[in-house]
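In: give me the fold of what follows.
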Amino acid sequence: MDQRTHQDPTRAALIQAGLPVEELWVSYFGLGGDLSQLEVDAYLNALFDVSVFDRDILATAANELLEEAYSALRVPCSAEAQAQSHDGNARRMLGAAGSFLLSPAEAEEERLGAVTRTHLLDTPGEERFDRITRQAREQFGVSTATVALIDDHRQFLKSMVGNVSQDMPREISFCNATIRNAGPLIVTDARTDPRFKSNPLVLGEPYIRFYAGYPLRGLRGWTVGTLCVIDQNPRDFSAEDEQSLRDLATIAEQEINTTPDDPKGV
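Out: Modelled structure (predicted):
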């Protein structure tokens, strides 16, 4: 698939769905893309060339946004046409953008590898993450805010302000549901939500009623954890609140992918 075959339908789909290029770039960056917003905009206007790899990530990002916007439009992905010729290593090189080419078990193996490569599991708290959770708790007026990593069996809290247990079993964690989302998971009242009303964290300590979580991406765009806010009272969560949570999640994501000794990232 040449660039024009990808550029035109992508630009047309975004316009028809009312999605700005900025939202496409944020989603693309979250999947592991390296292009700037200016370069993505120039590419869509046929003023800049990008690699097949970046086209596939842009296509995946665009399709996630279109699905969230309840649009039936979809953007072509060159990887689909090449799927039969890719071996296992080549498919994995696409990262989360090529997850549709992997079995669920293979995709989870890649995701867990990305969690491990953050080098953050079982490490002490750090002010760079604590600043984010403090700001989140204050900004949303909730009891608890966390930056969590999800490995194969537990939720590890890299940063936490409030009352949530460390190393909570993954299967009961609200964040385990969040990492399966392309966007935020919002639960305004867990007592009436069929997905969570029987959860032990709702029926017992810490008696979660409100939850809002945003997935955090690591190496090659794999979701490694979440930024979330929790409260013991039900509440609404506006579109402006969602944008604020996303902005804080972007900062947390940048910290996850940057070590203090290497400002260029891991």
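In: avg pLDDT for stretch 135-155?
Out: In this model, stretch 135-155 has an average pLDDT of 96.
In: I should have written stretch 208-216 there, sorry.
Out: On average, stretch 208-216 scores 96.
In: please enumerate the strands of the stretch 101-250 of the chain.
Out: Here the stretch 101-250 of the chain has its strands, by DSSP state E, counting those that start in this stretch, at 144-150, 154-161, 168-169, 185-187, 210-217, 223-231.
In: with distance to Ser103 and mean neighbour count added, can I get these in a markdown table?
Out: Bear in mind the C-beta positions are built from the backbone N, C-alpha and C, glycine included. Listed next are those as a markdown table, based on distance: least, Cβ to Cβ, whole Å; neighbours: other Cβ atoms under 10 Å:
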| stretch | distance to Ser103 | mean neighbour count |
| --- | --- | --- |
| strand 144-150 | 19 | 26 |
| strand 154-161 | 23 | 21 |
| strand 168-169 | 25 | 16 |
| strand 185-187 | 24 | 21 |
| strand 210-217 | 21 | 25 |
| strand 223-231 | 17 | 27 |
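In: so which of the ones you listed comes closest to Ala239?
Out: For Ala239, the closest of the strands of the stretch 101-250 of the chain is strand 185-187, at 10.6 Å, according to Cβ to Cβ.
In: quick one: list the elements packing against that closest one.
Out: Strand 185-187 sits against helix 174-178, strand 210-217, with contacts defined as 3 or more Cβ pairs under 8 Å, 6 or more residues apart in numbering; DSSP states H and E.
In: check which element follows the strand or helix carrying Val26 along the chain.
Out: Using DSSP states H and E, Val26 falls within helix 21-30. Sequence-wise, the next helix or strand downstream of helix 21-30 (DSSP H and E) is helix 37-44.
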